[in-house]
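Visitor: missing the sequence, but the structure's below:
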């Protein structure tokens, strides 16, 4: 009983300490990629290795994601989770990239706001050599919006699409916005999703409409789904190492 009480105390203390640490930081607090503890969006990587999923006939089957794409229910069984997540990157003068835990009150500079709507699964990425690097890969499909932002003033809010739309209307930022369809093949989506454009005050409305289209078409019988690696997370090792391990694990054919 004493052990259980101690573990509960330790968990509560750790969560409290983390919360106090982040709350004590300014709104535009940023860290290097090696210290960023959340998932980092990456360009989609095709999975050539075989994965396990339940088919529409309730059979457990080992297959490639290309084979899986022929059975819609098999893909949906493989990616049961759903989320919408925001990532904010800051591009520094020394050509490095930092990650912000909040986009409020940022200074002049160049930023990127990435918003992902995904259906996904998370799988572990093991080291392929003696590096002992363990990380996680987010495998899924969905919609990604990428807003490249040039902050013309300090103390502005770029934490959301609503915020950057407002900032653009006030002349506080300039930039462009683009969309990426991740692993969803549909003629209707291709016809409806807008092309790259400037950031405007209506950006949030356009994004919500796009999400509605993608969410509906994911379950459409004529839509093909191809799960891909769309984000990575490291647990102490550098991003380069976990990426190399990821490619080694998923890009080779079994």
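Guide: Okay, I see it. The shown structure was predicted, so the numbers you read here are calculated from the model rather than taken from an experiment.
Visitor: just give me the residue closest to the centre of the protein.
Guide: residue 41 (4.2 Å; C-alpha atoms, centre = their mean).
Visitor: mind listing the strands for the chain?
Guide: Ranges of strands in the chain, per DSSP state E, are 30-32, 40-45, 51-54, 60-63, 81-91, 97-100, 109-125, 135-151, 173-182, 184-185, 197-198, 224-225, 228-234.
Visitor: what pLDDT, on average, does the fifth one get?
Guide: Right, the one you point to is strand 81-91. Regarding strand 81-91, the rounded mean pLDDT is 94.
Visitor: so what does that strand touch, helix or strand wise?
Guide: When contacts are defined as 3 or more C-beta pairs under 8 Å, 6 or more residues apart in numbering; DSSP states H and E, strand 81-91 packs onto strand 97-100, strand 109-125. Bear in mind the C-beta positions are built from the backbone N, C-alpha and C, glycine included.
Visitor: hmm, who's touching the first one?
Guide: The reference is to strand 97-100. The set of residues external to strand 97-100 that reach it, using C-beta atoms under 8 Å, 6 or more residues apart in numbering, is 28-33, 36, 38, 40, 87-92, 106, 111.
Visitor: in its sheet, which strands sit next to it, and in what direction?
Guide: Strands that pair with strand 97-100, judged by DSSP bridges, come out as strand 30-32 (antiparallel), strand 81-91 (antiparallel).
Visitor: quick check: buried residues in the shortest one?
Guide: Okay, so that is strand 30-32. Across strand 30-32, burial judged by 16 or more other C-beta atoms under 10 Å covers residue 30.
Visitor: show me the contacts for the residue nearest to the centre of the chain.
Guide: Residue 41 makes contact with 87, 114, 116, 144, 230-231 under the criterion C-beta under 8 Å, 6+ apart.
Visitor: next: residue 181.
Guide: Contacts of residue 181 (C-beta under 8 Å, 6+ apart): 143, 189-190, 193, 214.
Visitor: filter those residues down to the ones in helices?
Guide: 189-190, 214 (DSSP state H).
Visitor: now do the residue nearest to residue 173 when sequence neighbours are not counted, the pLDDT please.
Guide: Sequence neighbours aside, residue 167 is the residue nearest to residue 173 in space, at 4.5 Å (criterion: C-beta to C-beta, 6 or more residues apart in numbering). We have a pLDDT of 94 for residue 167.
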